[in-house]
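**Q** this one's structure only:
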């Protein structure tokens, strides 16, 4: 009996100790104290706080509103009690709070949040200059309007004295040709054409029930930007993050993505999109689900993306590793996984003909069969036997599987190898091949390493031209983009031979040359006496770094003296140096007793994503470029 009592007492004692330890282990960490700001700059805020005992680390959360949605912007170990949060916008108010956490079994246990700190970043020198120049800018804009009106009047009044020639053809009616007396000078205005320029970032998080805190208004109230980088955290669909199972993309998320793309379409916004399994689109690795589930995710997401070819500039294949940049995670160095990811995206976006971009060129080489020593973990790729010769001789065609596979470069000009993007000492050789792809695909990424000499305006223009650069991140690196380029560096003779931009900021020059930029150099309109046929011959110079990577629809718009409009489908616009458009009219549809202004609309054929030429010939009412006049007898 005594022995039994002893056993019971021991059991009770063990259970008491066990539950006591469990309770202690599961207890919340203490609330973080003395959370304060130690330094504020244009694009970063530094913090410090008091150390909390028995915690694993700390997480700092940020929001643009005091009671808005907060996202984690810092996660660090308990040994650190200070940090710096970067990639912020100048002269903008943010709200921050912190909490400690510890791990119990497989669960994170958090402390209560600290008090919320309100911080406003400093004004950038660019903003200060802009504020000081408001008055003169308004005067300039009024002057421009006067100049535009004057130019149109001059064009109309001098058209009758335009150069005149006669074309005769047995198959065609006799057409008289008139070289249009217009303003063909190139302008340096910022032009927000589709699929190019400095992008702004927008973040989304897909949960098991849909997109967290979904809003289709994330592009509203932003008239100064037309290109966005959509960064989508899909980590909760992976067992390694949700600790339950790999799961499919929820149908609700697909519905929400389509609403978002619809909203972008209505506002003529272009999107580069990347998905990532790192929580909060952050700097962690090995969060990916099975390869089969990744392929399934791509198939479902790609089907939605495929419906919006006008909206989607490119898919950055990403997905793997920190920030979805295809490194660090173990599977990032598996060539079979690389090929499966590329295949999945190409198949999912085939009918929309959407470009698929990968992080490094060896991933393209490996996919299309160019010999290469594929990169190992924490290393870079290197040339194998035959790499150089094959690169020189390989040009992919639209019939090749890899034709739509291009490069995004998030180490742009950070070093001679673009931070390991290119093999050591092979930058120029690899860039020559990448340029074959970027001649018909988007190319861009993030500028890195503020101390690098390679992104100085005097050293980077040649690379930008050679690579057909079409987009860059406006928000990274802000020191380079918003300070060095915008305020400290000027385009001069040492930078290049574009005299029109001498004395302008490096930022202005780069912004105005990413992608395509068409300058109309000559316009000739030909028509018969009865006005039943009108032909437009246009000569262009593309002064941009890149090319027009999609065929656009062309429409000729005729506006008579009373403002009546006649629109005629003129076929396609491809961005060639010479474009010809011919349209026909029913007898009497336009008459010889009226003057008609003639405009060229270049868009997607449905009134969206118009292209403006780099001349002072744009009419914002019609979203079209003036190309001349058909004059009355």
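**A** It's in. Please read all numbers here as calculations on a predicted model, not as lab measurements. Numbers count the residues shown, from 1 in each chain.

**Q** for this structure, which segments count as helices?
**A** With helices called from DSSP state H, the chain shows them at 2-26, 125-132, 134-158, 239-242, 251-266, 291-306, 335-348, 361-368, 387-393, 427-438, 457-467, 478, 506-511.

**Q** pick out the shakiest of the ones you listed, pLDDT-wise.
**A** Of all those, the minimum mean pLDDT falls on helix 134-158 (a mean of 34).

**Q** so, low pLDDT: which residues of the protein?
**A** 1-26, 104-108, 125-172 (pLDDT under 70).

**Q** 50 instead?
**A** The chain contains residues with pLDDT under 50 at 1-3, 6-8, 10-25, 106, 126, 128-171.

**Q** could you measure from the closest residue to residue 65 other than its chain neighbours over to residue 117?
**A** Sequence neighbours aside, residue 95 is the residue nearest to residue 65 in space, at 6.8 Å (criterion: C-beta to C-beta, 6 or more residues apart in numbering). Glycine gets a C-beta too; all of them are placed from N, C-alpha and C. Residue 95 sits at a distance of 7 Å from residue 117 (criterion: C-beta to C-beta, to the nearest Å).

**Q** then residue 190?
**A** Distance from residue 190 to residue 117, by C-beta to C-beta: 36 Å.

**Q** more neighbours: these two, which one.
**A** Per other C-beta atoms under 10 Å, whichever of residue 190 and residue 117 has more neighbours is residue 117, with 16 against 11.

**Q** the more buried one against residue 36, yeah?
**A** Yes. The pair residue 117 and residue 36 qualifies as a contact (C-beta atoms under 8 Å) at a distance of 7.2 Å.

**Q** got any residues that touch both of those two?
**A** residue 47 (C-beta atoms under 8 Å, 6 or more residues apart in numbering).

**Q** which residues does residue 207 contact?
**A** 236, 250.

**Q** from residue 591, how far out is it?
**A** Counting by C-beta to C-beta, the gap from residue 207 to residue 591 is 63 Å.

**Q** and for residue 588, the neighbour number?
**A** Around residue 588 there are 10 residues (other C-beta under 10 Å).

**Q** so how far is residue 72 from residue 233?
**A** 10 Å.

**Q** which one of these two is surrounded by more residues?
**A** It is residue 233, of residue 233 and residue 72, that has more neighbours when counted by other C-beta under 10 Å, with 24 against 13.

**Q** identify the residue spatially nearest to the more buried one, adjacent ones excluded.
**A** Spatially, and ignoring its direct neighbours in sequence, residue 233 is nearest to residue 205 (4.4 Å; C-beta to C-beta, 6+ apart).

**Q** now swap in residue 265 and tell me
**A** In space, residue 265 comes closest to residue 311 once its chain neighbours are excluded; the distance is 5.2 Å by C-beta to C-beta, 6+ apart.

**Q** with residue 384 instead?
**A** Once flanking residues are discounted, residue 384 sits nearest to residue 371: 4.4 Å by C-beta to C-beta, 6+ apart.

**Q** what residues does that neighbour make contact with?
**A** By C-beta under 8 Å, 6+ apart, the contact set of residue 371 is 365, 384-387, 390.

**Q** picking that back up, close enough to count as contact, the residue nearest to residue 265 and residue 270?
**A** Yes. Between residue 311 and residue 270 there is a contact at 6.7 Å, judged by C-beta under 8 Å.

**Q** what residues are shared contacts of the two?
**A** Contact criterion C-beta under 8 Å, 6+ apart; residues shared by residue 311 and residue 270: residue 264.

**Q** give the burial count for residue 334, as a bare number.
**A** There are 14 residues near residue 334, going by other C-beta under 10 Å.
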